[in-house]
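Participant: no sequence for this one, just the structure:
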């Protein structure tokens, strides 16, 4: 008949045969290679035992670290308790100071503060006076230089 149809039919038949062979090869040959034999129960028990041993070692190291942290915290806590006791003793000693001594100390501080206030005011007003005098002298000198 027509030579074109014979070429197409041979290509079509070749494609079908190729797809069929590929399907058979995939299902029969390759899948058999992918299947792993089931491990023996003794081997599985050994694996689980090894995993359990590793986990036990990890738990032991974590417990040791927790114990170390607890000891450090207890040490810090005892240090804080000692400091608190020392501060409490200092507070008790300060409570024992007579009130007249504290009042005298307060009066002395107030006198020093009043003296400092007076000195500050004097320095402030002296600064104003000196600045004004310097300004006036500068104006006079500049005025004389312009005339000359």
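Facilitator: Yep, it's here. Here the structure is a predicted model, which is why all the values come from computation and not from measurement.
Participant: what's the neighbour count on residue 77?
Facilitator: 10 (other C-beta atoms under 10 Å). (Glycine included, C-beta is placed from N, CA and C.)
Participant: An error on my part: the question was meant for residue 56.
Facilitator: Here the number of neighbours of residue 56 (other C-beta under 10 Å) works out to 10.
Participant: Local confidence estimate at it?
Facilitator: In this model, residue 56 is scored at 90, pLDDT.
Participant: host element of it?
Facilitator: helix 41-95 (DSSP states H and E).
Participant: for that helix, packing partners?
Facilitator: Contacts defined by 3 or more C-beta pairs under 8 Å, 6 or more residues apart in numbering; DSSP states H and E place helix 41-95 against no helix or strand at all.
Participant: Name the next helix or strand following that helix along the chain.
Facilitator: Taking DSSP H and E as the definition, the helix or strand right after helix 41-95 is helix 99-147.
Participant: what's the angle between that next one and helix 41-95?
Facilitator: Interaxial angle, helix 99-147 versus helix 41-95 (axes from the mean of the first three to the mean of the last three C-alpha atoms, to 10 degrees): 90 degrees.
Participant: Helix 99-147 packs against which elements?
Facilitator: Judged by 3+ C-beta pairs under 8 Å, 6+ apart, helix 99-147 is in contact with no other helix or strand.
Participant: how far out from the middle of the chain is that helix?
Facilitator: Centroid separation for helix 99-147 versus its chain: 52 Å, with C-alpha atoms, centre = their mean, to the nearest Å.
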